[in-house]
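Asks: model this:
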Amino acid sequence: MKRNAESQEDLNLSSSAGFEAVHTQDSALDALETRLQDIESHVQELKTSSPLPWPSSRARIFNAELDLRVKIDGVRWMLRVSKHLNGAAREQVILTIANSLAQLEKALEPATRAA
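Replies: Below is the predicted model of the structure:
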């Protein structure tokens, strides 16, 4: 009987720890989503003078705004996927999202200073 009580107590502790970890991950995802929205608003404020490349042209024209928008969409999809993951896989995706957002913020620093 004592073992059952101890195992039940261990189960309660592990489930509460698991709940806290999920709650912490959810709040981290909320913070990352806020950062992503801030980056999106900065990109929308950017004015690029280079035109979009035409499909028939052979030379590729770099469009920084388009490149940033594609990367932002990729991070948005990672956020969506992470909400369906659990445990270590979710933590790995959260770290990847955080690194991607840091790189996007770093890329936007010169444009933010110039504005």
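Asks: Residue 94 reaches residue 27, doesn't it?
Replies: No - contact criterion CB atoms under 8 Å: residue 94 and residue 27 do not qualify, at 10.9 Å. No exception for glycine: its C-beta is placed from N, CA and C like everyone else's.
Asks: Show me which of these two is the more surrounded one.
Replies: Neighbour tally, residue 94 and residue 27, criterion other CB atoms under 10 Å: the higher count belongs to residue 94, 19 against 10.
Asks: residues touching that one, list them.
Replies: By CB atoms under 8 Å, 6 or more residues apart in numbering, the residues touching residue 94 are 25, 28-29, 32, 82.
Asks: Just the buried residues of the residues you listed.
Replies: The neighbour count (16 or more other CB atoms under 10 Å) marks 25, 28-29, 32, 82 as buried among the contacts of residue 94.
Asks: Please narrow those residues to those residing in helices.
Replies: 25, 28-29, 32, 82 (DSSP state H).
Asks: now the residues you listed as CSV including pLDDT?
Replies: Output for those, formatted as CSV (pLDDT from 0 to 100):
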residue, pLDDT
25, 80
28, 88
29, 91
32, 94
82, 93
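Asks: What is the nearest of those residues to residue 99?
Replies: Nearest to residue 99 among these: residue 32, at 10.7 Å, using CB to CB.
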